[in-house]
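# sequence-free structure coming up:
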DNA sequence: ATGGATACTGTACCTGGGTACTAGGAAGAG
DNA sequence: CTCTTCCTAGTACCCAGGTACAGTATCCAT
């Protein structure tokens, strides 16, 4: 299953070339007039460079919404923001990404959108999750774990849940002294000096 | 850039084979014990077959949340629902998909998650978009404060930020002893016995 | 004025958490 | 075979955090 046709809306030669070299787009048409979208067959793939069409004014939102339903819109912004992304997704865009993203990322966006799904970047996704009342953890803040050994991660995780050294030692079948040893090296590596700060860090607070 | 290691958590031979034949997973380990996750190096890729681990009970959510932070979790359900997906995304999963999805889709999920983004199916995504801006997350956030006097709230807040008793006393212009007194009554009222648990509660964790 | 809630403080004490110094066994790399 | 990392652990020690018990002072409502 594929798209019927495809169009790249941009005024920038460079942007056009970048997208056109992605295999699903190598026969894409190019235009600088957004009204050309309306001449395409249904379910076409449309890449919109936001240097051309900024956030649409209220008077045009209805027509953009119609385009979002009729086709598969990928919006690429050179200066992306969560707010901007939200607007476009709301208008029916199937993907919102950085115009200067890596080729691999662009390819991924295309694959996902062509297959009928929506592609949303991590930061915007976190924002969406917050919107439904869930607490979200910045996925990229997981750097704390990288410098720790598996055993240390296990101890750190349990500390962050509020377990005491004794409890942890029993759970892991080791001595309380060893738990303390792990913690000392954890504090050393993470640059913290007590379990409360460690817990806050692990939970993404400060 | 790749993942450190990978694990497929399932009791089903068929499910294991399906995922293992995706190239990023062809050297994946297999297990039926979710605790094995905790022995993996940071940022590992973990596929969880929900026939094995259903929606975790409240008592285990904290540990799943920690796993979600430490690794990249892909949750596959044979009977997926938006509600279930929401829960897992909230717990830090990076992907939630149908366990019987096409190979192409599975591949896509893996690609997206490995590249550090989140993958969410269309219906769940629409649900997320609808929820944006509608919910006020503050409702239950303030419940801990209701039973505390203004001064106690101030102390509790600072404790949750990681401040020491001495620091707090200096900031408030009172004795360290008084800070301790406030804390004792706070613990009494909130039913906690140390500052770490207080901090976790204030930040909405357990 | 009396009782209750709030805020503040002192002395004394105990304990869990964290450090310093040390060290042995297992496993993997070169 | 040596070097390193990881996991383990003992002894000894310090201290921030927390409790027990007791007390003073203000404000406010009954």
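Looks like it arrived, so ask away. These figures come from a predicted structure and were not determined experimentally.
# Residue A:185 and DNA strand C: what is the separation?
8 Å (CB to the nearest atom of the strand, to the nearest Å). Every residue, glycine included, has its C-beta placed from N, CA and C.
# Run a quick neighbour tally on that residue.
Each residue near residue A:185 was counted by other CB atoms under 10 Å in any protein chain shown, and the total is 14.
# what about residue A:74, is that helix, strand or coil?
Under DSSP: H, G, I helix; E, B strand; the rest coil, residue A:74 falls in the strand class.
# what sits opposite it in the beta ladder?
residue A:47, residue A:95 (DSSP bridges).
# Equivalent analysis for residue A:31, please.
According to DSSP bridges, beta-bridge pairing links residue A:31 with residue A:9.
# What is the neighbour count of it?
Residue A:31, neighbours per other CB under 10 Å, totals 19.
# So it sits against residue A:16, correct?
No. In this structure residue A:31 lies outside contact range of residue A:16 using CB atoms under 8 Å: 9.9 Å.
# and for these two, which residues touch both?
Shared contacts of residue A:31 and residue A:16 (CB atoms under 8 Å, 6 or more residues apart in numbering or on different chains): residue A:8.
# DNA strand D contacts on chain A?
Neighbours of DNA strand D within chain A, by CB under 7 Å from any atom of the strand: A:149, A:150, A:151, A:152, A:172, A:173, A:174, A:175, A:177, A:178, A:181, A:182.
# cutoff 10 Å now
Contacts of chain A with DNA strand D, taken as CB under 10 Å from any atom of the strand, map to A:147-155, A:169, A:172-186, A:189, A:193-194, A:196.
# Show the buried residues in those residues.
A:148, A:150-155, A:169, A:172, A:178-179, A:182-183, A:186, A:196 (16 or more other CB atoms under 10 Å in any protein chain shown).
# so where do the helices sit in chain A?
A:13-20, A:58-70, A:82-90, A:103-114, A:122-131, A:143-146, A:150-160, A:165-172, A:176-190, A:195-202 (DSSP state H).
# Take those and write them to CSV, including distance to residue B:117 and mean pLDDT.
CSV is the format used below for these (distance: least, CB to CB, whole Å; pLDDT from 0 to 100):
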stretch, distance to residue B:117, mean pLDDT
helix A:13-20, 19, 81
helix A:58-70, 21, 68
helix A:82-90, 13, 78
helix A:103-114, 8, 84
helix A:122-131, 5, 70
helix A:143-146, 17, 78
helix A:150-160, 23, 91
helix A:165-172, 33, 93
helix A:176-190, 26, 95
helix A:195-202, 22, 92
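# CSV for the ones you listed, including distance to chain B?
Putting the helices of chain A into CSV (distance: least, CB to the nearest CB, whole Å) gives the following:
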stretch, distance to chain B
helix A:13-20, 18
helix A:58-70, 12
helix A:82-90, 6
helix A:103-114, 6
helix A:122-131, 4
helix A:143-146, 4
helix A:150-160, 4
helix A:165-172, 10
helix A:176-190, 12
helix A:195-202, 5
